[in-house]
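Asks: Here is a sequence with its predicted model. Questions after.
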Amino acid sequence: MSKKTWKEIDIASIINKPGSAKDFKTGDWRSQKPVWNEDKCKQCLICWVYCPDSAITVKDEKMTGINFDYCKGCGICAVECPFKAITMVEEKK
Amino acid sequence: MSIKIVAKTGNEAMAEAMRQINPDVVAAYPITPATEIVQLFSNYVSDGKVDTEFIAVESEHSAMSACVGAATTGARVMTSTSSQGIALMHEILYIASGLRLPIMICGVNRALSAPISIHCDHSDTMGSRDAGWIQILSEDAQEAYDLTIFAMKAAEKVLLPAMVTSDGFIISHAMSRLDMYEDKKVQDYLGEKKPAYTSLDVDNPITIGPLVVQDYFMEIKRGQIQAIIDAKKQLPILLEEFNKTMNKNYKVIEEYNMEDAEYAIVALGSTAGTAKYITDKLRQEGKKVGVVKPLVFRPFYGEDLVKMLENLKGIAILDRSDPQSAMGGPLFTEITSAFYGHEKQPAARNYIYGLGGRDISYDDIKDIFKDIAEYFEKGKKEEAVKYITIRE
């Protein structure tokens, strides 16, 4: 998403497009990155419940991965996972 | 145009202006010396003379917060306060201007604590001078009335909040002649408000006041700064429109006895009136003295002031507040700053006076003219900032 100049911005930073937060990729805030070990995962989806950025991707009630466009690397999933199936590593940029 | 001539105090004059504006929402908390404005207005509400939703809140912080909430719907919103009240509003003042909400404060200038005082100086609204509000100071009840009506329209045109103030007790509680317009004339002048946005359009939902981080904050702030730059160009035009409609002669900076003046007093509010009277007297003695009164303090008309003052021998700049910068009052530092790099450099001296309602007399004004002439003649050797109306 190309960034607007000050002359292109709507008055008073009003956001007039509902649901536009998804256009704002917060993944580049990350300094730690979660790594998912599918073999250890029991599909309890506790990570999905806890993730504050809805970055755990799920299909047919099964975890499929992590959406790194939005994962901020907070590490809550790694702490909450009862099976240590998610570990945090340093983000290499 | 039919004018009704009445006798009103400054507070009554502002309350009448509010009644004629008939705002959609007023949220306010009473404070001396502005209490009467809201008290009289609440009578208008209970007597059915206005259609206003009146919100009695528990503090000025809540008053301005309620005003902001109401204004985001697109409503015409007003409040009134003074001194500690505007200090308590401080946080929300920036939100009102940042969200570009044309809220209006009918203010009464009063000293800030400590020590506690209920009397006039300008330290309260000067403390808000960086808050992004249009600031207008009135010289008498007539101006307080006229400029309240003007500022409501101007604020809505430039989409910035505005405060019009009168000097506590000196104007707010002193009765004088007031020429009032017909209610319809005021309503016709104001016209229908066209808000920049509204929170009540459910078919077009918007987010107001989102978190903005490093990638956009500066762009958004720059947009707000442009609004006050544009307002600086717009206000004289809007004031001219007011003058034409109401048969008045207001200027953003008023000049009085300035045609061939050698010395001038620059003063805000009621003191400018006292100074005008004294220049009339001194002119009879052949002294070339005048008065320059910035009616609008924010935005600051520095370039215009330089043009009006550049050919003088000496400028006596009066401040009824001291920002405790150890550099003098706000009017002084801003005018001298506007003169930086200018080829002509008249002698400029700052006179801090009248804090906490200390009277400034005719003789004090005469002494200022004497002092600024001596300051010029002796080659500006003494300190530039002088404290007067004080026991030394």
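Replies: Received, thanks.
Asks: Might one say that A:Lys40 is in contact with A:Lys84?
Replies: Yes. A:Lys40 lies in contact with A:Lys84 (C-beta atoms under 8 Å); the separation is 6.4 Å. (Glycine included, C-beta is placed from N, CA and C.)
Asks: who's more crowded, those two?
Replies: A:Lys40 (12 against 9; other C-beta atoms under 10 Å in any protein chain shown).
Asks: Now do the contacts for the more buried one.
Replies: A:Phe83, A:Lys84, A:Ala85 (C-beta atoms under 8 Å, 6 or more residues apart in numbering or on different chains).
Asks: roughly how far apart are the second one and chain B?
Replies: Okay, so that is A:Lys84. According to C-beta to the nearest C-beta, to the nearest Å, A:Lys84 and chain B sit 33 Å apart.
Asks: Would you mind listing what in chain B touches chain A?
Replies: Residues of chain B lying near chain A by C-beta under 8 Å from any C-beta of the partner chain: B:98-101, B:159, B:196-197, B:204-210, B:212, B:215-216, B:218-220, B:222-224, B:226.
Asks: Show me which of these are buried.
Replies: Among these, those buried by neighbour count (16 or more other C-beta atoms under 10 Å in any protein chain shown) are B:98-101, B:159, B:197, B:206, B:208, B:216, B:219-220, B:223-224.
Asks: Out of those, which sit inside helices?
Replies: B:Gly98, B:Glu219, B:Ile220, B:Gly223, B:Gln224 (DSSP state H).
Asks: what's the farthest-apart pair in those residues?
Replies: B:Gly98 and B:Glu219 (13.1 Å; C-beta to C-beta).
Asks: Assign B:His119 to helix, strand or coil.
Replies: Assigned by DSSP: H, G, I helix; E, B strand; the rest coil, the conformation of B:His119 is coil.
Asks: what residues are up against it?
Replies: B:His119 neighbours (C-beta under 8 Å, 6+ apart): B:Arg110, B:Ala111, B:Gly168, B:Phe169, B:Gly356, B:Gly357.
Asks: Check B:Thr389 too.
Replies: Counted by C-beta under 8 Å, 6+ apart, B:Thr389 has contacts B:Tyr353, B:Gly354, B:Arg358, B:Asp359, B:Ile360, B:Asp364.
Asks: Helix or strand for it, just tell me which one.
Replies: Counting by DSSP states H and E, there is no helix or strand that carries B:Thr389.
Asks: Report pLDDT for it.
Replies: For B:Thr389, the pLDDT comes out at 97.
Asks: Report the central residue of chain A.
Replies: Closest to where the C-alpha atoms of chain A average out (C-alpha atoms, centre = their mean) is A:Cys71, at 2.3 Å.
Asks: my read is that residue is in a helix, agree?
Replies: No. Assessed by three-state DSSP, A:Cys71 does not belong to a helix; its assignment is coil.
Asks: right, and it touches A:Thr57 too?
Replies: No. Using C-beta under 8 Å, A:Cys71 is not in contact with A:Thr57; the gap is 10.1 Å.
Asks: low-scoring pLDDT stretches of chain A, where are they?
Replies: Applying pLDDT under 70 to chain A picks out residues A:1, A:93.
Asks: can you pull out the strands in chain A?
Replies: Under the criterion DSSP state E, strands of chain A are mapped to A:32-36, A:56-59, A:62-66, A:86-90.
Asks: which stretch among those comes nearest B:His342?
Replies: Comparing those by C-beta to C-beta, strand A:32-36 comes nearest, at 56.9 Å.
Asks: Helices along the stretch 51-200 of chain B, start to end?
Replies: Ranges of helices in the stretch 51-200 of chain B, per DSSP state H, counting those that start in this stretch, are B:60-72, B:84-98, B:123-126, B:141-158, B:183-190.
Asks: Report the angle between the second one and helix B:60-72.
Replies: Relative orientation of helix B:84-98 with respect to helix B:60-72: 30 degrees, computed using axes from the mean of the first three to the mean of the last three C-alpha atoms, to 10 degrees.
Asks: Pull out the buried positions in helix B:84-98.
Replies: Neighbour counts over helix B:84-98 (16+ other C-beta under 10 Å) mark B:84-89, B:92-98 as buried.
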